[in-house]
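Engineer: Task: produce atomic coordinates for the following.
(2 chains)
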Amino acid sequence: MTSVVILENVSKHYTTVKGNEVQALKDVSLSVQKGETVAIVGPSGCGKSTLLRLIAGVEKPGSGRIHRETAGAQFAVGYVFQDSSLMRWRTVYDNIKLPLEVVKKKDLGNVDRLIEMIGMKGFERSYPIELSGGMQRRVSIARAFVHEPSIILMDEPFTGVDELTKEALENELGTLIRTLNVTALLVTHDIEEAVFLSDRILVMSPRPGAIVEEVPVNLPPARDPSMRSNIEFFAAANKVRAKLLEMHAMKVDAAT
Amino acid sequence: MASIGGARRLGLPGLANYGLPVVSFVAGVVLWQLAVEFFHIPAYLFPSPSAIVRIFFTGNINWVQHTLVTLNEAVTGSAIGIIVGFAIALLITLSATLNKILMPYIVALQVLPKVAIAPIIYILLGFTNTSRIILIVILTFFPIVINVSTGLTDVDRNLIFLLQSLRASKATIFYKVRLPNSLPYFFDGLKIGVSGALVGAIVAEFVSSNSGLGFLILNSQYTFNTVAAFGAFTILTVLGLLLYAAVVLLARQLMPWYRSG
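Structural biologist: As a prediction, the model looks like this:
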């Protein structure tokens, strides 16, 4: 097993506009193995998005080390954001193509393959404004896969999507992850989403975010919707929930 | 039905919404005509609509020439204003230092009623067409600067992160994200700019000129030819509408991906 990303005691401070020091992350150590999907679950504002930005390299850690396995090739990430963050001036096709342009890959075959896989054939020439919220998420997911990145980073990818669409999108994303055999790191506050999509779950504490528990998901690697009622699904979900509630109670105690 | 959809796509309210405004306008014109006739208001005080229409076909005013002079000033001034405005917007968004250096001048120019400087421009640059154009440029470039610089900076942070994570250069981020993002802002600025251009052209002609619609209005005052002034108002209203519609049409053409409001 080779690691794609290793974090060693990574901490990160911010200075707010008012000049206050805020610690976003505290001594975070984790690794993501090639081909696995890891979920990080934690309350809002626990520094999850910061963690993804550090791994993506768009921000630098305050202390600690981040090791990225390049395996000869250039390390690249795929990014899925909370709101789909598409370029509204680009068509579906051109939005998905964007990462290929930036990393200067000439072969555009992946664009068509992904459009097919996400069921958006016939919408290539449509602009984001003409698409439903669910379709926009599909396009942003395809954009994250298109350049075959070393790791796909997902920042609460289905926030603000209605429950039914969300479940459908999770099923599709799960299929995509297994079919293309990618490495992925999913950040979410949705416990069921984390269990359904990942191989193991890291539970994060409220700010300053630190990893307080690791919960393995004992489900077969290839997921299908029926597994949502599997006993192992509930076992993992309950473990994560118990830890989150425990931390929440501590926070309330500390406040009173 | 197709024409209704077409009107909507042009950013104009649907034809179905035109009924009441048209009735209101026609009723107003009819009332105006009747009031002038009923109260025997002399044409040099307040001419009737029919008198205004008549002045276009009788008399010795060369309407086409005066209109073209004003339109030419407005369009030339706007074109230069767009280029200058875009250039300044680029400078102040690309360099924080330049932004700070230019900011006091931009703020000062923003709060100053710009037509106030019209008489002095002629002292500086002479009683030429250039002075008229300069005043129009000052009136048009400003909304372009403000809107375009907002459009260049007010971008989805996630898109910047996405491109940075792929090691895109600042130049790549600029032309792939910032520039296209600024386009709707630019057209909003241009809508304000073209109406400012007409204001500038008229004020410039008020101060000094020997042709154009502004000259015509001033001349009408001296000769108590109020009908001619109202003729000029009518043409200015139509010009303003046409310029605005041209900007809206161009925006629709260049930004099929954009829906305002």
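
Engineer: Can you verify my assumption that B:Val207 contacts B:Ile117?
Structural biologist: No: look at B:Val207 against B:Ile117 with CB atoms under 8 Å: they stay out of range, at 10.3 Å. Where you see a C-beta, it was placed from the backbone N, CA and C, and this is true even at glycine.

Engineer: Compare the two (neighbour count), which wins?
Structural biologist: The residue with more neighbours, out of B:Val207 and B:Ile117, is B:Val207; 18 against 15, by other CB atoms under 10 Å in any protein chain shown.

Engineer: name the element B:Asp188 belongs to?
Structural biologist: Using DSSP states H and E, B:Asp188 maps to helix B:179-207.

Engineer: Show the secondary-structure elements that that helix is packed against.
Structural biologist: helix B:63-94, helix B:118-125, helix B:129-153, helix B:213-222, helix B:226-254 (3 or more CB pairs under 8 Å, 6 or more residues apart in numbering or on different chains; DSSP states H and E).

Engineer: Could you pull out the buried residues of stretch B:68-79?
Structural biologist: Applying a neighbour-count criterion of 16 or more other CB atoms under 10 Å in any protein chain shown, one finds B:69-71, B:73-78 buried in stretch B:68-79.

Engineer: Could you export the residues you listed as CSV, including pLDDT?
Structural biologist: Formatted as CSV, the buried residues of stretch B:68-79 follow (pLDDT from 0 to 100):
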residue, pLDDT
B:Val69, 96
B:Thr70, 96
B:Leu71, 96
B:Glu73, 94
B:Ala74, 95
B:Val75, 95
B:Thr76, 96
B:Gly77, 95
B:Ser78, 95
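
Engineer: Got the phi and psi for A:Asp155?
Structural biologist: Dihedral angles of A:Asp155 (phi, psi; degrees, to the nearest 10) stand at phi -110, psi 90.

Engineer: need the contact list for it.
Structural biologist: A:48-49, A:52, A:79-82, A:187 (CB atoms under 8 Å, 6 or more residues apart in numbering or on different chains).

Engineer: just A:Gly42 next, same as before
Structural biologist: A:Gly42 is in contact with A:48, A:189, A:203-206, A:209, A:244, counting by CB under 8 Å, 6+ apart.

Engineer: So which of those are in strands?
Structural biologist: Taking DSSP state E, the ones among the contacts of A:Gly42 that sit in strands are A:203-204.

Engineer: ok, so of the contacts of A:Gly42, who is nearest B:Val194?
Structural biologist: A:Lys48 (47.5 Å; CB to CB).

Engineer: For B:Arg157, see how far away that closest one is.
Structural biologist: 16 Å (CB to CB, to the nearest Å).

Engineer: who has more neighbours, those two?
Structural biologist: Each of A:Lys48 and B:Arg157 had its neighbours counted (other CB under 10 Å), and the higher figure belongs to A:Lys48 (23 against 10).

Engineer: which regions of chain B lie under the pLDDT threshold?
Structural biologist: Scanning chain B for pLDDT under 70 picks out the ranges B:1-16, B:260-261.

Engineer: Any idea which residue is closest to the centre of it?
Structural biologist: Taking CA atoms, centre = their mean, the centroid of chain B lies closest to B:Val194, which sits 1.6 Å from it.

Engineer: quick one, what contacts that one?
Structural biologist: B:Val194 is in contact with B:74, B:78, B:140, B:240, B:243-244, B:246-247, counting by CB under 8 Å, 6+ apart.

Engineer: possible to save those residues as CSV with distance to chain A?
Structural biologist: Compiled in CSV, those are given as follows (distance: CB to the nearest CB, whole Å):
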residue, distance to chain A
B:Ala74, 29
B:Ser78, 24
B:Thr140, 25
B:Gly240, 29
B:Leu243, 25
B:Tyr244, 23
B:Ala246, 21
B:Val247, 18
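
Engineer: How about the helix holding B:Asp188, which residues are buried there?
Structural biologist: Of the residues in helix B:179-207, B:179-207 count as buried by neighbour count, 16+ other CB under 10 Å.

Engineer: Check stretch B:130-144 too.
Structural biologist: Buried residues in stretch B:130-144, counted by 16+ other CB under 10 Å: B:131-144.

Engineer: Check stretch A:147-164 too.
Structural biologist: A:147-158, A:161.

Engineer: Between the two ends of it, how far is it?
Structural biologist: 29 Å (CA to CA, to the nearest Å).

Engineer: Take the buried residues of stretch A:147-164 and lay them out in a markdown table including secondary structure and pLDDT.
Structural biologist: Converted to a markdown table, the buried residues of stretch A:147-164 look like this (DSSP: H, G, I helix; E, B strand; the rest coil; pLDDT from 0 to 100):
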| residue | secondary structure | pLDDT |
| --- | --- | --- |
| A:His147 | coil | 95 |
| A:Glu148 | coil | 93 |
| A:Pro149 | coil | 94 |
| A:Ser150 | coil | 93 |
| A:Ile151 | strand | 95 |
| A:Ile152 | strand | 96 |
| A:Leu153 | strand | 97 |
| A:Met154 | strand | 96 |
| A:Asp155 | strand | 94 |
| A:Glu156 | coil | 93 |
| A:Pro157 | coil | 93 |
| A:Phe158 | coil | 92 |
| A:Val161 | coil | 89 |
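
Engineer: Just flag the most distant two among those residues.
Structural biologist: Those two in the buried residues of stretch A:147-164 that are separated most widely, counting by CB to CB, are A:Ser150 and A:Val161, at 27.1 Å.

Engineer: Name all residues that make contact with the closest residue to B:Gln221 other than its chain neighbours.
Structural biologist: Leaving aside its sequence neighbours, B:Gln221 sits nearest to B:Ala229 (CB to CB, 6 or more residues apart in numbering or on different chains; 7.0 Å). By CB under 8 Å, 6+ apart, the contact list for B:Ala229 reads B:216-217, B:220-221.

Engineer: Determine which two of those are furthest apart.
Structural biologist: Maximum pairwise distance among the contacts of B:Ala229 (CB to CB): 10.0 Å, between B:Leu216 and B:Gln221.
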